[in-house]
Structure formats: C-alpha cells, structure tokens
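>>> sequence and predicted structure below; questions after.
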Amino acid sequence: MTADEAARETTTDVLVVGSGPGGALLAHLLAEAGVDVLLAEKQTTLERSFRGETIAARSVLTLRDLGFEPALREHGFVEMTGIGQWERGRRVMHIDYRRFPIGAVPVDIPQPALIGAFLDAASARPNFTHLAPATLTDLVEEDGRVRGAVLRTGGGRVRVTARLVVGADGRFSKARRLSGLAADIQPMERDFLWFKLPRPDDWGHDGDLVALRDRHLVILPAFPDLLRVGYNLPKRGLADARSQGLEAFKAGITEVAPRLGPLVEEHITSWKDTSFLEIFTARMPVWSRDGLLLVGDASHTCTPILGQGVNLALQDAVYFAPAITRALDEHPGTLPAGVFAEVEAERRAHKDMVTRFQRFQERALAQSTAAGALMRRTRLRAIDRLPFKYRLLDRVLNAPHEMTTKDRHARA
C-alpha cells in the first residue's frame, strides 16, 4: 500500500510511529509475522542527514540472521577493525574488535540504505502500510487506554485505530511526551558538533578517540571513503563557538588532533559543514501503558559514546517483535501493558548498563585539570593491560549473548 491509499480513518493492529532503523525493522518483523502494521514517518525521503551510522557487531549478526546481509553488501559498507584512545600523540588504550568472540565487527553504512532495506522487505507484504509524510499530533485515549493516534499528513488528518501504538520516534520523541509516562532527562555537561572529511588512503579502519584535557574528538571511518568526526563543546556552547569564528573552531580541532589539520582547513568552509547534536540521556522506569509501547531512543536515550543508539534500537525491535505478535494472538482488543513486562525489564537492564558505562567515560573525558587528565591516562593504560579486558568490554559492546535472533523467534 502507499500513502495515497490511506483513508481519513483507518484501522490496523499496530501503528509504529517513526521510521528510523528500530521502527522500520520492527514494522518489517511484525509484517513478516502476519500482523497488520502501519508505519508512520514525518519525513518524505530517506535522504537526510544522519549522525549515527555505525552498527555494532551484535546488530551485524542480527541483520545477518534476518537475511539482510546481501542487501547491505550490495550497497556497501565499511568495517571497523578497532578503536583507540590517544593523548599527547600516544595511544593509551586500544580495542581490537577482531579479538572478541562474537565473530563480527561493527560496520558503517548510511542509514538511508539500512532503512531502505527494511522498507523494501516490508513492502512485499500486503499487510504493511507506509505512510509518509505523517506526523504524530495526538494519542487517541479511552478509559485510560491508548486506542490509536491522530496523524497529520500531506492530505490532512488521519485517525488511526490500533490495538497497539509503538513510539519509535527517537530521542526527541513526541510519543514519549504525549504518553504521560515519567522520564528522567539528564543533560550531559557537553554537546557535540559533527562533520565529515575525506579519509586519506593510509588512514586505516580503526576509530580514534583523541583527548586533550577536557576536549576530545571522535574520529570514525565512514562509508564509502570518509571520516565522521565529532568535536565536543561546552553545554550551550555553540553560540560562543560561532561568535569566536570558524577559524578559531578549526584551530581548536587541529590542536587536539594535528593530523586532521590540513583536512579541516580544506574541507570545513562554513558552519553549514557541521551538524549540532545536543547530548542528554533519558531514562524511563516504565516504557508502556495499555495500548502503547516506547522503544529505541524514545524509551531510553543514550549518548553517542560507543555508537550504541542504532544498536539498541535494532535490538529492541528484535526483542519486542515476537512479544507483540504473541500478545496479539493471546489478547483481544487493546494490548495490556503487562504483556511487555518481561522483555521491557530485560531491555532496560541492558540499556542501563550501557548508560552507566557511557557516563563513566564522559566523566573521564570531562577532566579539565592536568592532574585529572593524568589520572585518566593512568587508568586507561591499566585497563589496557588487563588480561580480561576483552571479557569486560564484551558485555557492554556486544551484549546480549543469551540467545540469537533465531532463538527469539522460536521462543515466540
């Protein structure tokens, strides 16, 4: 079906709001299981600016299990071999992704290609509808239950009656704001500016985190031959950075990572070459109510550290899809929130662990004194020498391990 076929009032089993990686994959998995699903997306095209395009090794295996590897290889991607942290021109810690037992490494692929693969697969199902542009304006509630939602489309307003509304609409989720569910939103002390540069032929496929006291750069190989670079700013510091001028901004980058200097000077010609990202975490003790479920960044927003946002959203889709399918078979009418309690607790525990690690790393990177930076270097060198370093980091980077994607579908 196409957006043109949607009526002013329509009914579906599941309405998924947000066609990011998590929402698009969830819609595909539900449609594949025979569920009537409507996927609503406010953007009209996939060709937009994305910042997080790294897929962690765990999700690489997930997509392989789900049969998406041929589509991804047809488009092309960049494999990341590892990541190192650098200070004063020396590497103080290195993680070789190839040494983990998981059997895959993270890859960088543009999100339009990833989402497009999910939508192509879902569109082959007659029970799948993709409605775009469609912006969530309100939830339809009756007797304390969510019965559907109102969407604003190019042709007017559409009222969707659904047994379940899934908010997969990202870190600034409208579904979360409308849900009435409590959210603990905590800003980080710093924000980020992202930009891309050509990747030199001799750069390699490792990512780098380069720190100079409380300033740092995240430098990641990006498809097809680029570097994706993130530079931290003080909270609400974008206006100050702009007032100091582009040349001062570029000089600051060169001071932290001299190797980037010539590339930055040649290719960053205006502020339009950068993209601002506000950094915060949002933790919710409850992700669901009768007729409503939040997933991905809408339920638990992480920071860009370790590139876990896309990975966590994809894993939410894989974990919740069989739970939703089973609940639709077992419960008539609106789905009660309790049917998601087990999976919700499982996913929350994993996301809490990731967020704790991210906050630990952010505190270390925010050290502004010479003594604090020395302590950071000392700690990182000690961790780098630990014989169980890879077992420790495996829990954060590659979890969950308890079952494969195929096992989850079998359990459903």
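Good, I have the coordinates. Residues are numbered from 1 along each chain as shown.
>>> isn't residue 351 right next to residue 312, touching?
Yes - Residue 351 lies in contact with residue 312 (Cβ atoms under 8 Å); the separation is 5.9 Å. Where you see a C-beta, it was placed from the backbone N, CA and C, and this is true even at glycine.
>>> the two: who's more crowded?
For residue 351 versus residue 312, the count of surrounding residues by other Cβ atoms under 10 Å is larger for residue 312: 25 against 22.
>>> ok, the more buried one - contacts?
296, 297, 300, 302, 350, 351, 354 (Cβ atoms under 8 Å, 6 or more residues apart in numbering).
>>> next: residue 108.
Residues near residue 108 by Cβ under 8 Å, 6+ apart: 53, 54, 55, 77, 78, 80, 220, 221, 222, 223, 228.
>>> could those go into TSV alongside neighbour count?
Below are the contacts of residue 108 laid out as TSV (neighbours: other Cβ atoms under 10 Å):
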residue	neighbour count
53	22
54	25
55	25
77	21
78	20
80	23
220	24
221	22
222	22
223	17
228	23
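>>> closest to residue 29 among these?
Proximity of the contacts of residue 108 to residue 29 (Cβ to Cβ) peaks at residue 55, which lies at 16.7 Å.
>>> phi first, then psi, for that closest one.
Main-chain dihedrals, residue 55, degrees, to the nearest 10: phi -100, psi 120.
>>> in the sheet, who's paired with the closest residue to it other than its chain neighbours?
Using Cβ to Cβ, 6 or more residues apart in numbering and skipping residues adjacent in sequence, the residue nearest residue 55 is residue 107, 5.3 Å away. Assessed by DSSP bridges, residue 107 has beta-bridge partners residue 55, residue 79.
>>> can you give me the helices in the stretch 1-150 of the chain?
21-32, 57-65, 69-75, 111-123 (DSSP state H, counting those that start in this stretch).
>>> show the end-to-end separation of stretch 248-263, please.
15 Å (Cα to Cα, to the nearest Å).
>>> which of the helices of the stretch 1-150 of the chain sits most buried?
Comparing those by mean neighbour count (mean count of other Cβ atoms under 10 Å), helix 21-32 comes out on top with a mean of 28.
>>> next helix or strand past the lengthiest helix in the chain?
As assigned by DSSP state H, the longest helix anywhere in the chain is helix 341-365. Per DSSP states H and E, the first helix or strand lying C-terminal to helix 341-365 is helix 370-385.
>>> for the helix or strand that that following helix is followed by, name the packing helices and strands.
Note on helix 370-385: by DSSP H and E, the next helix or strand toward the C-terminus is helix 389-397. Applying 3 or more Cβ pairs under 8 Å, 6 or more residues apart in numbering; DSSP states H and E, one finds that helix 389-397 makes contact with strand 90-96, helix 341-365.
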